[in-house]
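1. Sequence first, then the predicted structure, then my questions.
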Amino acid sequence: MKKKLNCILLVDDDKATNFLHKKIIGNNDVSENILVALNGKEAMIIICNALIDNDKNNTLPELVFLDINMPIMNGWEFMEEYQKLDESKKSKIIIIMLTSSINTEDEIKARKFPEISGFLNKPLKTEMLNNLLKEKFNFIKR
């Protein structure tokens, strides 16, 4: 049973959405660190840097909330790059597609990536967060 995650990474180009999601995560006190990447490329840099330094700075996210539509590198492009990482390094990261997309094709496409553990619609809510943490991390709120 986990008490708190070490790091959650929000990957979304919408600053207001990131602000809201950081507030929800922070108010629920479920993570030591909350990092934000405004696109998939920034997210990949964060993950790769944490892997290179053997996560000495505790920045390897255990949970990633990934948007689909972003500039520079979108969620699908991020997933294509992410799949190239060593399996043992990826195994510690849970990726949840968190999107405003109502296109059923996006959810079907997400299922084709074994690394994507869930598909949720924005905005993140406390109940969604707590259910996800309980299901994926055996997290029981204090």
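-> Looks like it came in fine. Numbers count the residues shown, from 1 in each chain.

2. Next, the contact list for the closest residue to residue 14 other than its chain neighbours, please.
-> Once flanking residues are discounted, residue 14 sits nearest to residue 67: 7.5 Å by Cβ to Cβ, 6 or more residues apart in numbering. (Glycine included, C-beta is placed from N, CA and C.) Taking Cβ atoms under 8 Å, 6 or more residues apart in numbering, we find residue 67 in contact with 11, 12, 13, 14, 17, 75, 97, 98, 99, 122.

3. Identify the residues contacting the first one.
-> Residues near residue 11 by Cβ under 8 Å, 6+ apart: 36-37, 39-40, 42-43, 64-67, 70, 75, 78.

4. one step back: could the contacts of residue 67 be laid out in TSV, adding secondary structure, pLDDT and distance to residue 52?
-> Shown next, in TSV, are these (DSSP: H, G, I helix; E, B strand; the rest coil; pLDDT from 0 to 100; distance: Cβ to Cβ, whole Å):
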residue	secondary structure	pLDDT	distance to residue 52
11	strand	98	19
12	coil	98	24
13	coil	97	25
14	coil	97	29
17	helix	97	29
75	helix	97	23
97	strand	97	26
98	strand	96	26
99	strand	92	29
122	coil	95	31
